[in-house]
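Undergrad: What shape does this take:
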Amino acid sequence: MNPSVRERIENLLGQNRVVLFMKGTRNAPRCGFSATVAGHLNELLDEYQTVDVLADEDIRQGIKDYGNWPTIPQLYVDKELIGGSDIVSGMYNSGELHELLGKPRPDRTPPDIEITASAAEAIRNGMADEPGMALHVAIDGRWQTQFMLKPAVGHEIRARSSDIDVLMDLASAQRARGMKIDWVDNARGSGLAVTLPLAPAGVKPLTVEQLKERLSQGNISVIDVRPTADRARAPFPSARPLDAASQREIEGWPKEQPIAFLCHFGNSSRQAAEHFRGLGFTQVYNVEGGIDAWSQRIDSGVPRY
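TA: Numbering: from 1, shown residues only. Model prediction:
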């Protein structure tokens with residue numbers, strides 16, 4: 001491999017005990033495998049080094065050559081290649097990763113969960129067609145729940161309700177405490193519905209009238225997610241633009257700080273708000289109707305476009 005690339009990699013490994021070569025960043029991963037490993041590390045470490053291989057083609061290929069490992073992400077600890085997503089996840093669930101990073105072994109106590117009678121009947125009916133399969137529930141870092149029927153591996157945490165075993169990985173088990181699984185029939189169809197008491201509050205809608213009041217009280221920060229040209233066309237002076245630098249700064253804010261996200265009509269801002277809610281922020285708002293509603297109902301001096 002290129003000697004200069006090797007030197008860059010060795011310098012990174014020499015200066016940082018834990019280095020994750022990934023796609024994206026720890027708080028904004030750009031592939032599911034990178035998100036999984038970063039999620040495990042985020043739970044165990046306040047600080048570790050990440051390298052976005054999508055931003056550096058030399059490193060993207062160089063790290064594969066350096067460790068003779070063909071895929072990304074790659075986790076290094078004390079200059080030693082630990083592995084990729086599957087290996088790191090296995091170590092996390094077994095507690096080996098905790099020990100490697102000097103953390104206490106994880107609590108593997110099964111969570112208390114509730115499966116209602118109607119949900120239990122639906123689950124049994126579904127499993128009847130899949131003999132030998134076990135019911136797995138995964139709850140990711142954004143508190144999205146996924147049900148799967150697949151064989152048990154052996155390291156899962158097993159919770160039980162209504163005579164049904166539910167298998168989870170370690171991270172899911174921590175998020176599942178108090179979980180209720182019900183069966184619902186409504187206009188959108190029928191299916192399992194999950195309530196997670198530990199999940200952070202969802203993104204809250206905020207009218208432009210409410211935003212004006214909150215701004216007058218000085219108890220909310222506004223983040224403008226519109227492109228630069230749109231912000232120049234119709235400025236919202238009290239808002240902070242969302243770019244790479246400001247995103248890193250905002251991610252470091254106290255998680256209880258109220259934040260409102262603003263865009264043109266309130267659509268892309270909702271996606272940004274969901275992202276920050278997934279990072280643990282507990283008071284996240286989306287400005288309904290966006291700058292267009294602000295112009296129509298609050299300040300007609302702001303141009304509409």
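Undergrad: Strands of the stretch 51-200 of the chain, start to end?
TA: 74-77, 80-83, 114-115, 134-139, 145-150, 157-161, 164-168, 180-186, 189-195 (DSSP state E, counting those that start in this stretch).
Undergrad: so what's the closest residue to residue 246 other than its chain neighbours scoring on pLDDT?
TA: Excluding its sequence neighbours, the residue lying closest to residue 246 (CB to CB, 6 or more residues apart in numbering) is residue 240, at 5.7 Å. (C-beta placed from N, C-alpha, C; glycine too.) pLDDT for residue 240: 94.
Undergrad: How many neighbouring residues does residue 240 have?
TA: Residues lying near residue 240 (other CB atoms under 10 Å) number 15.
Undergrad: now residue 234
TA: 19.
Undergrad: do you know how far it is from residue 35?
TA: Counting by CB to CB, to the nearest Å, the gap from residue 234 to residue 35 is 34 Å.
Undergrad: For stretch 180-192, which outside residues touch it?
TA: Stretch 180-192 is contacted by residues 113-116, 118-119, 121-123, 147, 161, 166, 193-195 when judged by CB atoms under 8 Å, 6 or more residues apart in numbering.
Undergrad: okay, and the helix or strand of this protein with the least pLDDT?
TA: strand 28-29 (a mean of 82; mean pLDDT, DSSP states H and E).
Undergrad: and the next element down the chain from it?
TA: For strand 28-29, the following helix or strand on the C-terminal side (DSSP states H and E) is helix 32-44.
Undergrad: Next, the buried residues of that next one.
TA: 33-44 (16 or more other CB atoms under 10 Å).
Undergrad: List the contacts of it.
TA: Contacts for helix 32-44 (CB under 8 Å, 6+ apart): 18, 20, 22-24, 26-27, 29, 48, 50, 71-73, 75, 84-85, 88-89, 92, 97-98, 101, 103, 140-141, 171.
Undergrad: Tell me the bridge partners for the residue nearest to residue 246.
TA: Residue 240 forms beta bridges with residue 223, as assigned by DSSP bridges.
Undergrad: Would you confirm that it contacts residue 259?
TA: No: applying CB atoms under 8 Å, one finds residue 240 not in contact with residue 259, separated by 9.5 Å.
Undergrad: which residues are in contact with both of these two?
TA: 221-223, 250.
Undergrad: Domain ranges for the chain, per the record?
TA: 3-100, 114-195, 204-297 (automatic domain parsing).
Undergrad: Pipe those domains into CSV and attach distance to residue 304 per row.
TA: Below are the domains of the chain laid out as CSV (distance: least, CB to CB, whole Å):
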stretch, distance to residue 304
domain 3-100, 31
domain 114-195, 34
domain 204-297, 5
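Undergrad: Could you say which one of those domains comes nearest to residue 107?
TA: Judged by CB to CB, the one of those that comes nearest to residue 107 is domain 114-195, at 7.7 Å.
Undergrad: thinking again about what came up before, nearest to residue 294, of the strands of the stretch 51-200 of the chain?
TA: Across the strands of the stretch 51-200 of the chain, residue 294 has its closest neighbour in strand 180-186 (33.8 Å, CB to CB).
Undergrad: List buried residues within the contacts of stretch 180-192.
TA: Looks like the contacts of stretch 180-192 have 113, 115-116, 119, 122-123, 161, 166, 194 buried, using 16+ other CB under 10 Å.
Undergrad: Farthest pair within these?
TA: Using CB to CB, the two most remote members of the buried ones among the contacts of stretch 180-192 are 113 and 122, lying 15.7 Å apart.
Undergrad: Pull up the gap between residue 10 and residue 23, please.
TA: In terms of CB to CB, residue 10 sits 22 Å off from residue 23.
Undergrad: And the two? Which one has more around it.
TA: Neighbour tally, residue 10 and residue 23, criterion other CB under 10 Å: the higher count belongs to residue 23, 19 against 12.
Undergrad: Most tightly packed of the strands of the stretch 51-200 of the chain?
TA: strand 74-77 (a mean of 23; mean count of other CB atoms under 10 Å).
Undergrad: Could you spell out the sheet neighbours of that one, each with its direction?
TA: Sheet pairing for strand 74-77, assigned by DSSP bridges, gives strand 18-22 (antiparallel), strand 80-83 (antiparallel).
Undergrad: Next, format those as CSV and append distance to residue 182 and mean pLDDT.
TA: Output for those, formatted as CSV (distance: least, CB to CB, whole Å; pLDDT from 0 to 100):
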stretch, distance to residue 182, mean pLDDT
strand 18-22, 37, 98
strand 80-83, 38, 98
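Undergrad: between those strands, which gets nearest to residue 206?
TA: Here strand 18-22 is closest among these (CB to CB), at 33.6 Å.
Undergrad: ok and that closest one relative to helix 32-44, angle-wise?
TA: Angle of strand 18-22 versus helix 32-44, following axes from the mean of the first three to the mean of the last three CA atoms, to 10 degrees, is 160 degrees.
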